[in-house]
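Q: Here is my input, please return the structure:
(2 chains)
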Amino acid sequence: MKTLHCEIDSDGVALITLDDAGKPMNVVSAEFIDEFIAVIEQVAGDAAIKGAIVTSGKPHFMAGADLNYILGVLGNAPTLTQAYAFSQKPSTMHRRLESCGKPFVAALNGLALGGGFELALACHHRVIVDDAKAIVGLPEVTVGLLPGSGGTQRLARMIGVEKSLPILLEAKTVGPSEALKLGLVDRVVPAETLLAAAREWILATPNPVRPWDQKGYRGSNGLLNPSIVEIMSYRPAQIAAQTQRNYPAPIAILDCLFEGTLLPFDKALKLESKHFARLMCDSVARNLIRTTFVNKREAGKLRRPSQVPKLTVTKLGVIGAGLMGSGIAYVAAAAGMQVVLLDRRLELAVNGRQYSVNLLEKAVQRGKSTQKDVEAILTRITPSADYKDLAGCELVIEAVFEDMGVKAEVTGKAEAAIAGTALFASNTSTLPITDLAAASARPGQFIGLHFFSPVERMPLVEVIMGKNTSEESLAKSLDFVAQLRMTPILVNDARGFYTSRVFQTFIHEAMKMLEDGVQPALIENAARKAGFPMGPLALLDEVSIELPWKIVQQTEEALGAAFVTPCAYGVMQRMLNEIKRPGRRSGGGFYDYPVDAPKRLWTGLAIAFPPALEQPSLQSLERRFLYIQALETARCVEEGVILQAADADVGALLAWGFPSWTGGPLTLIDTVGIAKFTAECEGLAKVHGVRYLPSPWLRQRAARGQSFYEAPAQAGRAPAPCAA
Amino acid sequence: MIDALIYDHVRTPRGRGRPDGSLHEISAVQLASQVLQGLRERNGLDTGLVDDVVLGCAQPVGEQGGNIARAAVLSAGYAETVAGQQVHRFCASALEAVNAAAAQIMTGAAEAAIGGGVESMSRTPMGADSGAWSVDPWVAYHNYFAPQGIGADVIATLAGFSRGDVDAYAVESQRRAATAWREQRFRRSVLPVLDLIGEVLLDHDEHMRPDTTLEGLAKLKPSFVAMGQAGFDAVALQKYPQLEAVRHVHHGGNSSGIVDGCAAVLLGNKAFGAISQLEPRARIKGFASIGSEPTIMLTAPAPVTLKLLKRCGMSVRDIDLFEINEAFAAVVMRYIRELDLDPAQVNVNGGAIAMGHPLGATGAMILGTVLDELERRDRSTALVTLCAGNGLGTATIIERV
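A: As a prediction, the model looks like this:
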């Protein structure tokens, strides 16, 4: 067998060792399921075998399902019936293990998550190694699914509904001692006695029966139990609030807990499989898995030119000790690099280093870091005002004022100080890289590395290729981003690059809605309902309208006659010049900020932008927010700014919180169906203006039915329950 | 259609719905049985003439479960031929029970019937029966369930009722109720509740706070803030996205009181009155129930009123007195605004904010109250309505004969 092997010792104890030769970790795959079914039958059918230990030949016991495998299954757009059968197979396998009459013990030698821990739960006894790294949990909710092989049912019956909630709904994982306390495992033992402890239990327990298979077992009494009533009274609302009803897994899990525990075990397993099937047939699971796991993990790896030797940055130069530069210095030092933080005057650079001091002090206070680590990180940051200190840097990033002249000057000075092989990067968010590279003596080694604020909390870097940027520079930049343990997305040089450009359409659309007489609360609620972390008007107040206004002005200046007035031009102009409410820092914008109460929408908005008598539906506004951004992303593909759909989708989620349930703007188009999407945009253009008009390129693409991802687009959401 | 005539009605006083409330030692079946006995004694009623006793109850579980009406019939010593049934339309249960009794008479299915309701909230607390609507997670989630208090606060937010507005309404309810008691306007219908040795346990509505002031109410904390933060405000905003936030203005002082109580109305056709030598006091002109948006839950009274008026060929101007249950101050205020009513015609003797709301009994209580008031004022027509769980609403028009 390929994924496991089985030996029987002289006592008749079978030792099943999970050890997939082809993979770094054991995962649940089609092959594994077939082989494990066979080995259960071997144990069950051989009278000489008393019982079996399940352990792993790798440092970990078993991670969850192979997500590429799941993605493949989802990509085939299974019907509900097919998805149910898919879910039933491993569920039935676990049930067979549990009820075959022979004792099975899980000897957890390391981490056991998802499908791995479901297997452990199906065993009659769980022994875990005394090692903090051996965490257990059922985090399937994060991929839009649920622990479908009896995970919800066994957990609820073993530890109760209440304790199951954080594990199932919040994907909480726990180490061995807490697992023991919770009742997730039965024994914690040192590594060297793990198998002995398992064997001992098997020999002492010839015919184990799970509590729910014992005669007279009483399951949940449902709503006759006040603690169940209490949980079920508020949890659905909490889930509705947290998910904005965009993620179907949490409520399905809650129903498995509530409904499943009322049923006899075999019926409960079927119910769980049916919920699993519904989730499989909903696009959200596919979208979450593909964008937030598979593509995020692989971002940069596939695009890196393979012939270039790997670069490890040992010394990094950061020019400009403002918020961005200081943040970059911090994450680089934390990742182990020596950092020269340079500014015009030394005190400015010292001040920039203080940013790291403040962050680290907070980390120590919260117990997330030790004084020793703090000192090590801080000694790696050298403040300086002397370009000579940049000597020896493999990479220098400038984060100075957004001005061509200023940037040209620092580029020249830095290049004079660093080696001819070193790389120079700009952290600009608005200025074209190709133009900036004109000031460089080595434009092939000039690249854009666009970080997001605050750098330490935004693990994304937009890597921007100028016209002359070399493939080698790209490879090295991706290596550097990997060193920071951040996610890169690769874009070509164009105004606004990718992230700023598409994000602008989101906030502009909100302002346009306001101008059209949509009630401001409705605008904010629609964006939140669509899944954006914050209402766009609130967001505008945070950054101040001056920021998008400056971008518009720069564009106007640069494009001249070709400039197209954006839809929010009028609102921005009025808010800044006539109403004079640019944002929070200036005392207020779209919101008021009372000292003693939470912010609230400025009542003057109703006079400045009178609400229309008839208000649009929430759904229509949600759609506008999503579609305008998706359309702009498609334009980025058309113009060659985006080369890979994955870059656009991963970037949208990480850069500005585009809702993850959609999988990103391009996956959104694929989910809707490109033809339908394009047709709907044409409809929107008729009502809301030409900004919604699909380009001929997109129309042609739609006519061909050519989606942005190769896998066939999946059917829409699962049918609503009859009751809803 | 045969006229369903009201011959009499009685109610218990309302006891505080807590263990220290005066009626706490009296079970729901005993409350109901004393009320049925009261109707029999006052009217010299031959109970063998009564076809059915229909009682509302909003928490029909445990000691209030299993058809409390039949249990009350038997323990009251009524003839064993008297049937009994229990009706659940949440807070409108007792009015629905009166309507159901009336319907039997109007269709000729019964000669005489009693409709009413009972609720001992001190013994069977709210939520005791949970139910699919609010607690089955799949149903609650997909139907945007939010508790009534949230709905009441949403009503206030939508209508722009401030905390001061709703508190002012509450103060007026207390004032009107105090006046009504002082002038003994309820005297004819309130039946003191007796204990096991025949002594009076309670002869007045003990939830009242006639000394309530705006300043006093202003000190109370809103009741539904935590509930809102637990997720229900978000659910409400998903349904009412034009709102920036739910403003929580309701509290114990401007919401209906939690109390124990029972009420019953004796109905019959004309022949029954003749045989029993009873004079009819009013007739049931019509009744209706309706469903409305269930998340806000409490806005059915206006649509059910309009539906009923239309069915009866009447307009609001044909109604002398309105009685709408004071579930929450904002419910009544919205009703007055939607129907453009004169507040002086609505709940003239106060309501549940002052005297309490024994869920499944209130409908029959306020119907009786307004009948007494029509007689006191010598007016003709009244409309009684209640909002109820799940967005339900029921209304009845009575007319003196």
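Q: least trustworthy helix or strand in the chain by mean pLDDT?
A: Went with chain A since none was named. Each helix and strand of chain A was given a mean pLDDT (mean pLDDT, DSSP states H and E); the minimum falls on helix A:296-298 at a mean of 89.
Q: hmm, I had chain B in mind actually
A: Result, chain B / mean pLDDT, DSSP H and E: helix B:132-135, a mean of 92.
Q: so what secondary structure elements neighbour it?
A: If you count contacts as 3 or more CB pairs under 8 Å, 6 or more residues apart in numbering or on different chains; DSSP states H and E, helix B:132-135 packs onto helix A:226-243, helix B:137-142. For every residue, glycine as well, the C-beta is placed using N, CA and C.
Q: Indicate which one of the ones you listed is closest to residue B:119.
A: Within these, the stretch nearest residue B:119 is helix A:226-243; the backing value is 19.4 Å (CB to CB).
Q: Off-centre distance for the closest one?
A: Its chain's average C-alpha position is 25 Å from that of helix A:226-243, according to CA atoms, centre = their mean, to the nearest Å.
Q: before we move on, back to that, residue A:403: which of the helices and strands packed on helix B:132-135 is closest?
A: Nearest of those (CB to CB): helix A:226-243, 42.9 Å.
Q: and among the helices and strands packed on helix B:132-135, the most buried is which?
A: Greatest average neighbour count among those goes to helix B:137-142 (a mean of 22), per mean count of other CB atoms under 10 Å in any protein chain shown.
Q: immediately after that helix, which helix or strand?
A: helix B:148-159 (DSSP states H and E).
Q: Show me what counts as buried in that next one.
A: By neighbour count, and taking 16 or more other CB atoms under 10 Å in any protein chain shown as the criterion, the buried residues in helix B:148-159 are B:148, B:149, B:150, B:151, B:152, B:153, B:154, B:155, B:156, B:157, B:158.
Q: Ok, stretch A:54-67 next?
A: Buried residues in stretch A:54-67, counting neighbours by 16+ other CB under 10 Å, are found at A:54, A:55, A:56, A:58, A:60, A:61, A:62, A:63, A:64, A:65, A:66, A:67.
Q: And the furthest pair within the residues you listed?
A: The most widely separated members of the buried residues of stretch A:54-67, counting by CB to CB, are A:55 and A:67 (23.5 Å).
Q: could you pull out the helices for the stretch 301-401 of chain B?
A: Along the stretch 301-401 of chain B, the stretches classed as helices by DSSP state H, counting those that start in this stretch are B:301-312, B:329-339, B:352-355, B:362-377.
Q: same question, the stretch 151-300 of chain B
A: Using DSSP H, counting those that start in this stretch, the helices assigned to the stretch 151-300 of chain B run over residues B:163-182, B:214-218, B:225-227, B:233-239, B:270-276.
Q: Centre of the chain to the fourth one, how far?
A: Put plainly, it is helix B:233-239. Averaged over its C-alpha atoms, helix B:233-239 has a centre that lies 28 Å from its chain's centre (CA atoms, centre = their mean).
Q: counting contacts, what elements does that helix pack onto?
A: Of the remaining helices and strands, those touching helix B:233-239 by 3+ CB pairs under 8 Å, 6+ apart are helix A:226-243, helix A:520-530, helix B:148-159.
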